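**Q** Next one to model:
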Amino acid sequence: MKKILLLAAVALTLASCQSKTNKNTDATTPVIDTAEAAAKADSIKAAEIRKVDGPVLTFETTNYHFGTIEKGEKVSYSFKFRNTGRMPLIIKDAIATCGCTVPEVPKEPIKPGQAGELNVVFNSAGKTGRQDKVVSVRSNALNSAIELHLTGEIKE
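**A** Predicted structure coming up:
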C-alpha cells in the first residue's frame, strides 16, 4: 500500500512538472499582451509630460564641507539652486536632522529659470569630532526629495 501511494505521489509530481504549451503558437514566438503594452506606453507618456511640464529643483552643490572649526562656532552656508523646469517651484519644507542645524527656505515660488538660495546655519556648541548634518528638502518638484549635507570637523 505504501509503495502504491509513493508511486502515485511521484507520478503526480512528474506530471505537474511538465511544461504546458499552447499548440496554436510557436515556442519561439513571444506572446505580447497588448493591454499591458498599452498601459506601459501610457505611463511612459504621462511621465514624459510631467518631466516637461513640472518644476525641477537643481542645486549647484548638495554638500558643503566647512573644514575644521572650534567648538561653539557657527557655520552659515547658502545652498544655491535653480528651477530648471517649466512650472513655478515651491519649496514646502526643509527639515534638519537635529536642532543645531537651522534651514531657512524661500517663502515665494521660484519661477522657471530663476535662481534661489536655501540658507543653513549650524551651531557647533556641544559638538565634537566629525559632523555630517543633513537637511531634507521637500518641494513640488519632480525630484522633490533632496538631501543637503554640511560636513566638517569640530575640535575642542
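
**Q** which residues touch the closest residue to R130 other than its chain neighbours?
**A** Nearest residue to R130, sequence neighbours excluded (Cβ to Cβ, 6 or more residues apart in numbering): E153, at 5.2 Å. C-beta coordinates here come from the backbone N, C-alpha and C atoms, glycine included. If you count contacts by Cβ atoms under 8 Å, 6 or more residues apart in numbering, E153 has them with G67, T68, I69, G129, R130, Q131.

**Q** wait, what's in contact with the second one?
**A** Counting by Cβ under 8 Å, 6+ apart, T68 touches G152, E153, I154, K155.

**Q** Could you pull out the buried residues of the host helix or strand of the residue nearest to R130?
**A** Using DSSP states H and E, E153 sits in strand 145-155. Across strand 145-155, burial judged by 16 or more other Cβ atoms under 10 Å covers I146, L148, H149, L150, G152, I154.

**Q** can you put those residues in TSV and add distance to T84 and pLDDT?
**A** Shown next, in TSV, are those (distance: Cβ to Cβ, whole Å; pLDDT from 0 to 100):
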residue	distance to T84	pLDDT
I146	13	96
L148	17	97
H149	21	97
L150	24	96
G152	29	97
I154	35	96
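
**Q** Just give me the closest of those to D53.
**A** Proximity of the buried residues of strand 145-155 to D53 (Cβ to Cβ) peaks at I146, which lies at 19.7 Å.

**Q** Specify the beta-bridge partners of the closest one.
**A** V137 (DSSP bridges).

**Q** pretty sure it contacts V137?
**A** Yes. At 4.6 Å, I146 and V137 qualify as touching, with contact defined as Cβ atoms under 8 Å.

**Q** Pull stretch 94-110 out as PDB, backbone CA atoms only.
**A** Presented in PDB, the C-alpha positions along stretch 94-110 are these (Å, rounded to 0.1, in the frame of the first residue of the first chain):
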ATOM      1  CA  ALA A  94      13.500  71.900   4.900                       C
ATOM      2  CA  ILE A  95      14.000  69.600   7.900                       C
ATOM      3  CA  ALA A  96      17.300  69.200   9.700                       C
ATOM      4  CA  THR A  97      18.500  66.100  11.500                       C
ATOM      5  CA  CYS A  98      18.900  68.000  14.800                       C
ATOM      6  CA  GLY A  99      18.200  71.300  16.400                       C
ATOM      7  CA  CYS A 100      21.800  72.500  16.000                       C
ATOM      8  CA  THR A 101      21.100  73.000  12.200                       C
ATOM      9  CA  VAL A 102      18.500  75.600  11.100                       C
ATOM     10  CA  PRO A 103      17.500  75.800   7.500                       C
ATOM     11  CA  GLU A 104      15.700  78.900   6.100                       C
ATOM     12  CA  VAL A 105      13.600  78.300   2.900                       C
ATOM     13  CA  PRO A 106      12.500  80.900   0.400                       C
ATOM     14  CA  LYS A 107       8.800  81.900   1.000                       C
ATOM     15  CA  GLU A 108       7.900  82.800  -2.600                       C
ATOM     16  CA  PRO A 109       7.700  80.500  -5.600                       C
ATOM     17  CA  ILE A 110      10.700  80.300  -7.900                       C
END
